[in-house]
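Peer 1: what follows is a predicted structure for the sequence shown.
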Amino acid sequence: MNRRAKRRMRRKRRMKRRLRFIGFVLLAMLIIFIWNNKLFVEGNKDTSEAGETFKVVIDPGHGGSDVGATGISGLYEKDFTLSLSKKIKKILEKEEQIEVYMTREDDTFISTEDLYRPKFANELNADLYISIHGNTFSDSDVSGTESFYFHDESKYFADLIHRHVVNATGFNDRGVKAKDFFVVRYVDMPAVLLEIGYLTNPQEEQKMLDDGFQYSIATSIVDGIKEYLEIE
Ligand SMILES: [Zn+2]
């Protein structure tokens, strides 16, 4: 081998070593970059868990020209549901970890055709959905608290809220049932529809119209929500 050929080989080897070194440095930089990013992401997750907030939607049944049931005294279900829902909202607003939303704040008619109520909750990406109603029946002797869910994923939540509400009303426990109500069907989060009591039953209606009684029901619903979300 002549001297020129030897020099060329040495230059090639040096070049190879240099390229290997650069490759090594780039790889090390990449590992450090990924590692730092991972820590950053985990760090962020930790802080968000500490101050976790939950969105809760309260849905006062009916409204406007949709009066709902007519109570034995002539009162409309839509007014009872709004009155109770406002109390639930007021109590929930004191909870730092809960953001509360209502599908209606006043006597507004909401069409069922465009699924506004469930869409409202889905677009918010809400964590829980509670629809408030008062029951009705042709026989004024019929009474009690009854709760409904649709998706299996909602059963535990429905059972839990129902237990709290029955304790608060002291009414006959009519149980928790699966039923195809559109509000609990078309929402993407655990949802319950509460029939607090019968507005067509004179004793129940009288109690349900009482502000103090409504506050105790509202408190029981909030207690159920907090128990479900594991908020102290
Ligand atoms: Zn109703």
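Peer 2: Received the coordinates, thanks. Numbering: from 1, shown residues only.
Peer 1: which stretches of this protein form strands?
Peer 2: Along the chain, counting by DSSP state E, strands occupy 54-60, 98-102, 128-135, 145-149, 173-178, 191-198.
Peer 1: if you skip the residues just before and after it, what's nearest to the residue in the chain that the ion sits nearest to?
Peer 2: Nearest to the ion, among the residues of the chain, is residue 133, at 3.5 Å (C-beta to the ion). No exception for glycine: its C-beta is placed from N, CA and C like everyone else's. Nearest residue to residue 133 in three dimensions, chain neighbours excluded: residue 61, at 4.2 Å (C-beta to C-beta, 6 or more residues apart in numbering).
Peer 1: and the protein, which residues reach the ion?
Peer 2: With C-beta under 5 Å from the ion as the criterion, the chain comes near the ion at residues 61, 68, 133.
Peer 1: and those residues as JSON lines, adding neighbour count and pLDDT?
Peer 2: Conversion of the residues of the chain next to the ion to JSON lines gives the following (neighbours: other C-beta atoms under 10 Å; pLDDT from 0 to 100):
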{"residue": "61", "neighbour count": "27", "pLDDT": "97"}
{"residue": "68", "neighbour count": "20", "pLDDT": "97"}
{"residue": "133", "neighbour count": "27", "pLDDT": "98"}
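Peer 1: would CSV of those residues with distance to residue 184 be doable?
Peer 2: Output for those, formatted as CSV (distance: C-beta to C-beta, whole Å):
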residue, distance to residue 184
61, 12
68, 16
133, 11
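Peer 1: if I look at residue 9, how far off is residue 3?
Peer 2: As for residue 9, its distance to residue 3 is 11 Å (criterion: C-beta to C-beta, to the nearest Å).
Peer 1: try residue 35
Peer 2: Using C-beta to C-beta, residue 35 is found at 48 Å from residue 3.
Peer 1: which one's more surrounded, these two?
Peer 2: residue 35 (10 against 7; other C-beta atoms under 10 Å).
Peer 1: can you pull the pLDDT of the more buried one?
Peer 2: pLDDT recorded at residue 35 is 78.
Peer 1: could you do residue 139 as well?
Peer 2: We have a pLDDT of 95 for residue 139.
Peer 1: for it, give me its contacts.
Peer 2: With contact taken as C-beta atoms under 8 Å, 6 or more residues apart in numbering, residue 139 is in contact with residue 200.
Peer 1: residue 14: what's it in contact with?
Peer 2: Per C-beta under 8 Å, 6+ apart, neighbours of residue 14: none.
Peer 1: how close does residue 20 get to residue 9?
Peer 2: Computed with C-beta to C-beta, the distance linking residue 20 and residue 9 is 17 Å.
Peer 1: actually residue 198, not the one I wrote
Peer 2: 99 Å.
Peer 1: more neighbours: which of these two?
Peer 2: Ranked by neighbour count (other C-beta under 10 Å), residue 198 and residue 9 place residue 198 first, with 29 against 11.
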